[in-house]
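# after the sequence you'll find the predicted model.
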Amino acid sequence: MLEKALASVFCIASRILTGARATWRGTQPEARARVYYANHRSHGDFILIWAILPPALRAVTRPIAAADYWLAGSFRRYLIERVFRGVLINRHVEHGDDPIGAMHGPLEAGESLIVFPEGTRNQGDGILPFKPGIHHLAKKRPETEFVPVWIENLGRALPKGGILVVPLLCTVTIGEPVTLEPGEPRADFIDRCRNALLALEPAE
Amino acid sequence: MTALENSPLLFVLAGLAGSLFVASIIGLVLRACLAGGRTNPVIINLNARINAWWVMVLILALAFCIGDTAVVLLFAFISFQALREYISVTYTRRGDYRVLLWCFFFFLPLQYGLIGINWYGLFSILIPVYAFLLLPISSTLGADTTRFLERAAKVQWGLMICVYCLSHVPALLSLNIPGFTGRNSQLIVFLLLTVQSSDVFQYVWGKLLGRRKLVPEISPSKTLEGLIGGVLTSTAVGAALWWVTPFTWWQAALIALTVNILGFFGGLVLSAIKRDRGIKDWGHMIEGHGGMLDRVDSISFSAPIFFHIVRYWWT
């Protein structure tokens, strides 16, 4: 109960602060296991994506989060585990870790994921090179739709190292899903994903 | 004391409500009687605009009822929303984060605070002098030279248009006009009514008679017929409102003409920016009108000039 109320508070607050508007350009909100992958410039990114999803989808969409950051305090741990229901993975993969396996479970259970394939927050324009993780995931589960999500302005409103939010109007554009073609090489798939995301960037 | 105790404002408000009532009836009749009126985008937009006008007039009337502080706060909010829309589509970089925080959380509230306490000497130079010099300094501390001048210039320009210029509307309350004490809010009503009715009449005349496009590269909807019809009609409105102002009827007409022409070009300048940025509206806040900045662009250009005309000749 409290978790649901807290989640609503976060969603409403982020929508008011950013005036967030979602544009579903290449697809519609659908209740199926999907991987939403987005450009990453702000620590608020996943909350914003989460906030613009219809509530029914939000309940079954889980952000991928860095274990070292989110497990560092008991309130953080509570937030990520109970409120955001994040899937925690270890950023510094050690022997025996299987980050892709951890993501695979929720997808099998019909849940969706939010990932940031750049791996870190980008402090400049455009997007950084992608990490290969989404390809591993696609190979393991080829029917998964990878949905590009462009977040505009949140990186300026709340950049890395920022605490106060500049009240800019943010938009979230959801593009056409990408799926792995049979036998498609890793570099090609990652390129296609990256281009599908870049295609959503507003013209400068 | 509250402004509505003065009967002139009640009169104007009643007249406005009457006009809006007629407009609403026309909108409903067009929707019901015109073939395809329910699906015609122009009719749908017209009705959305009229409904939004009701809301905007009610909010303004409420602010005038409550008093001067409410008017200052209302315009602070309008500035905030306009600046928000402007900066949202303007290129800035990580190094401008602090600059943006200064704009929204320091200069904007301070400007309106100074207007609230009537400190003309400082509010008239706060943004053109202090923000102008201090913001680029803050920007250099971001240690990023990429498109530096462009970024600094754009932020300053937005602050001038959205905060400095607009703040001259509530600043009218601070003017000390002999024989007009306690009635300054009527100047705001005169300015807003004249400039906004000019926008409305330009739209109406343009839709009815508009043929010759003025500057299709910038604004496809602005026509010569709309401009002349709109400016003349609302100049007549301004002249007819002379009794709420310290002006004679011909002075009211001349001033109305001046602010209407400025308002028209204000709309044109901000349209040029929208065109360059590839957007149609500044935002989505006001149904049928677009964003806040779409609605107040003409006020932004006319308010400072109106303020200084009154200040120079009437105080």
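Received it, and whenever you're ready, just let me know what you need. Numbers count the residues shown, from 1 in each chain, chains lettered A, B, ... in the order given.

# from here on, just use CA atoms for contacts and neighbour counts.
OK.

# my guess is residue A:22 meets residue A:52, correct?
Yes - counting by C-alpha atoms under 8 Å, residue A:22 touches residue A:52, with 6.2 Å between them.

# shared neighbours, these two?
residue A:172 (C-alpha atoms under 8 Å, 6 or more residues apart in numbering or on different chains).

# who's in contact with the residue lying closest to residue A:93 once chain neighbours are set aside?
Nearest residue to residue A:93 in three dimensions, chain neighbours excluded: residue A:99, at 7.8 Å (C-alpha to C-alpha, 6 or more residues apart in numbering or on different chains). Contact analysis of residue A:99 by C-alpha under 8 Å, 6+ apart lists A:89, A:90, A:93.

# go on, residue B:108?
Per C-alpha under 8 Å, 6+ apart, neighbours of residue B:108: B:76, B:79, B:80, B:163.

# you'd agree residue B:288 is in a strand?
No - counting by DSSP: H, G, I helix; E, B strand; the rest coil, residue B:288 is not part of a strand but coil.

# what number of residues are in the vicinity of the residue in the stretch 151-300 of chain B positioned nearest to chain A?
Nearest residue of the stretch 151-300 of chain B to chain A, counting by C-alpha to the nearest C-alpha: residue B:277, 7.5 Å away. Residue B:277: 14 surrounding residues under other C-alpha atoms under 10 Å in any protein chain shown.

# for chain B, what spans make up the helices?
Under the criterion DSSP state H, helices of chain B are mapped to B:7-33, B:41-66, B:68-88, B:97-102, B:108-116, B:120-123, B:132-140, B:148-159, B:168-171, B:185-209, B:224-240, B:249-277, B:292-314.

# before we move on, the earlier item: pLDDT, neighbour count and distance to chain A for the contacts of residue B:108 - can I get that in JSON lines?
JSON lines is the format used below for these (pLDDT from 0 to 100; neighbours: other C-alpha atoms under 10 Å in any protein chain shown; distance: C-alpha to the nearest C-alpha, whole Å):
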{"residue": "B:76", "pLDDT": "98", "neighbour count": "23", "distance to chain A": "14"}
{"residue": "B:79", "pLDDT": "98", "neighbour count": "28", "distance to chain A": "13"}
{"residue": "B:80", "pLDDT": "97", "neighbour count": "22", "distance to chain A": "9"}
{"residue": "B:163", "pLDDT": "98", "neighbour count": "29", "distance to chain A": "15"}
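
# what about residue B:246, distance to residue B:178?
9 Å (C-alpha to C-alpha, to the nearest Å).

# let me fix that, I meant to ask about residue B:69.
Following C-alpha to C-alpha, the distance that separates residue B:69 from residue B:178 is 22 Å.

# so the residue nearest the centre of chain A: helix, strand or coil?
Using C-alpha atoms, centre = their mean, the residue of chain A that lies closest to the mean C-alpha position is residue A:114, 3.0 Å off. Per three-state DSSP, the secondary structure class of residue A:114 is strand.

# what sits against it?
Residues near residue A:114 by C-alpha under 8 Å, 6+ apart: A:35, A:36, A:37, A:38, A:46, A:61, A:62, A:63, A:64.

# just the closest of those residues to residue B:50, please.
Closest approach to residue B:50 among the contacts of residue A:114 (C-alpha to C-alpha): residue A:46, at 38.6 Å.

# next, count neighbours for the closest one.
Here the number of neighbours of residue A:46 (other C-alpha under 10 Å) works out to 23.

# that one should be in a helix, yeah?
Yes - assigned with three-state DSSP, residue A:46 falls within a helix.

# touching, it and residue A:65? I think so.
No - contact criterion C-alpha under 8 Å: residue A:46 and residue A:65 do not qualify, at 9.2 Å.

# how close does the residue nearest to residue A:93 sit to residue B:122?
59 Å.

# same question, residue B:110
Noted for residue B:110: a distance of 10 Å to residue B:122, by C-alpha to C-alpha.

# ditto for residue A:49
With the distance defined as C-alpha to C-alpha, residue A:49 ends up 43 Å from residue B:122.

# now residue A:161
Residue A:161 sits 34 Å away from residue B:122, taking C-alpha to C-alpha as the criterion.

# show me which positions of stretch B:27-45 end up buried.
By 16 or more other C-alpha atoms under 10 Å in any protein chain shown, the buried positions in stretch B:27-45 come out as B:27, B:28, B:30, B:31, B:37, B:43, B:44.

# need the mean per-residue confidence for it.
For stretch B:27-45, mean pLDDT is 87.

# can you give me the end-to-end span of that stretch?
10 Å.

# which residues does that stretch contact?
Outside stretch B:27-45, the residues that touch it by C-alpha under 8 Å, 6+ apart are B:46, B:47, B:50, B:288.

# change it to 7 Å
Contacts to stretch B:27-45, defined as C-alpha atoms under 7 Å, 6 or more residues apart in numbering or on different chains, come from residues B:46, B:47, B:288.

# between these, which is closest to residue A:170?
Of all the contacts of stretch B:27-45, residue A:170 sits closest to residue B:288, with 20.7 Å by C-alpha to C-alpha.

# which residues touch that closest one?
Residue B:288 touches B:45, B:48, B:49, counting by C-alpha under 7 Å, 6+ apart.

# what residues does chain A put near chain B?
Near chain B, the residues belonging to chain A are A:123, A:153, A:156, A:159, A:166, A:167, A:168, A:169 when assessed by C-alpha under 7 Å from any C-alpha of the partner chain.

# okay, now the first one: neighbour count?
By that I understand residue A:123. By the measure other C-alpha under 10 Å, the count of residues near residue A:123 is 18.
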